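Chemist: Coordinates for the following, if possible.
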Amino acid sequence: MRLSFLASLSVSAVMLLWSCRGGNPVVDQIKPVAKKPIEQEPVVPSSKPPPPLVPVEFSADWTDEDVQVYLAFCRKMGIRDETIPIRVWASESNNDPISHNPGSHASGIFQLVPDTAKGHGYDVVNDPHLDAFRASGVRGQLPWAERFYAKHRGELVTLARFYLANFFPSMPVRHADDPNFVLCSRGGSAYAGNWQKFDVKRDGHGRAVLGDDGAPQQDKGYIIVQDLEDAAVRERGQRTGELIARVRAAKSVPTAPVEGTVATKEG
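Modeler: Residues are numbered from 1 along each chain as shown. Below you'll find the predicted structure:
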């Protein structure tokens, strides 16, 4: 009787001890059942390209990659207002890489002519009329634009300066700071080849005033810096506006630095 009582007391003590330790001598002997991991469907990346930052309707010939290369061109030239080249080239070529003047063979977005191209190392022997140059597209032409404007790197800070560099590459761009600076006048070849764009009489709506023969009329007989700026303003159409919007949108999105270049913070 005494042994049975002590045995019962021992079992009770063991149970109490396990209870104080937060365990259960029966439950603790049950091994937990391993849970089978939930299988998930693998994520397949979409093959569709991301939607454009700006809806593209009038400038589809400029790809998003073209826009990035264009922004890199502006950085290399020290052009902080990235809309300036687009506004000037709108007047020259409507920013069309296949634009072509059959008379002078001025070609591409910045209207490079064969003689100037030759001076910058372009192979005009095998491409005398710059057909291949036009076919190279925006990205193919921008490296040559770097050579064309290299003389004025860091100085192309205004619309007038950039247009002067395009119009008269050999002239110091500081002359563009005076809107009344005379660039050329009647009797010279530069005036003869450009007066119909820059020096025609216009009405209050900016439309050319035609003479009795139906042809535009000369205005002043000379071209000044202000005439270049006015031409850029007149050519601000839907295509130009869309390209400007795309450039601004692309600039606002951080991009990874291109391998082989030095990353810089834009301010």
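Chemist: can we go C-alpha only for contacts and neighbour counts from here?
Modeler: Fine.
Chemist: Quickly note the distance from Phe168 to Gly206.
Modeler: From Phe168 over to Gly206 the distance is 25 Å, taken as Cα to Cα, to the nearest Å.
Chemist: Can you list the low-confidence ranges for the protein?
Modeler: 1-53, 254-267 (pLDDT under 70).
Chemist: What segments of it are helices?
Modeler: Shown for the chain, the helices assigned by DSSP state H span residues 2-20, 64-77, 83-93, 114-119, 131-135, 137-149, 159-167, 189-198, 225-234, 238-252.
Chemist: Could you export those helices to CSV, including columns for distance to Val125 and mean neighbour count?
Modeler: Output for these, formatted as CSV (distance: least, Cα to Cα, whole Å; neighbours: other Cα atoms under 10 Å):
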stretch, distance to Val125, mean neighbour count
helix 2-20, 98, 11
helix 64-77, 27, 17
helix 83-93, 24, 23
helix 114-119, 9, 16
helix 131-135, 12, 18
helix 137-149, 17, 18
helix 159-167, 24, 23
helix 189-198, 25, 16
helix 225-234, 33, 19
helix 238-252, 34, 17
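Chemist: And these: which comes nearest Leu183?
Modeler: helix 225-234 (6.9 Å; Cα to Cα).
Chemist: can you give me how far the closest one is from the chain middle?
Modeler: 23 Å (Cα atoms, centre = their mean, to the nearest Å).
Chemist: any idea how far the nearest residue in space to Tyr163 that is not next to it in sequence is from Ala145?
Modeler: Leaving out its chain neighbours, the residue that sits closest to Tyr163 by Cα to Cα, 6 or more residues apart in numbering is Val88, at 6.0 Å. Shown here: Val88 relative to Ala145, a distance of 13 Å by Cα to Cα.
Chemist: And Trp62, by the same measure?
Modeler: Counting by Cα to Cα, the gap from Trp62 to Ala145 is 16 Å.
Chemist: got the contact list for the residue nearest the centre of the chain?
Modeler: Note on the chain: the residue nearest the mean C-alpha position is Val67, at 2.8 Å, using Cα atoms, centre = their mean. Counting by Cα atoms under 8 Å, 6 or more residues apart in numbering, Val67 touches 246-247, 250.
Chemist: Next, format these as CSV and append distance to Glu229.
Modeler: Output for those, formatted as CSV (distance: Cα to Cα, whole Å):
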residue, distance to Glu229
Arg246, 22
Val247, 21
Ala250, 26
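Chemist: what's the closest of those residues to His105?
Modeler: His105 lies nearest to Val247 out of these, by Cα to Cα, at 28.3 Å.
Chemist: I'd assumed Glu82 was in contact with that closest one.
Modeler: Yes - in this structure, Val247 is within contact of Glu82 by Cα atoms under 8 Å, at 7.4 Å.
Chemist: shared neighbours, the two?
Modeler: By Cα under 8 Å, 6+ apart, the residues touching both Val247 and Glu82 are Leu71.
Chemist: Report the contact partners of Val173.
Modeler: Contacts of Val173 (Cα under 8 Å, 6+ apart): 152, 155-156, 161-162, 164-165.
Chemist: repeat that for 10 Å
Modeler: 151-152, 155-158, 160-166 (Cα atoms under 10 Å, 6 or more residues apart in numbering).
Chemist: just Asp81 next, same as before
Modeler: Contacts of Asp81 by Cα under 10 Å, 6+ apart are 74-75, 156-159, 248.
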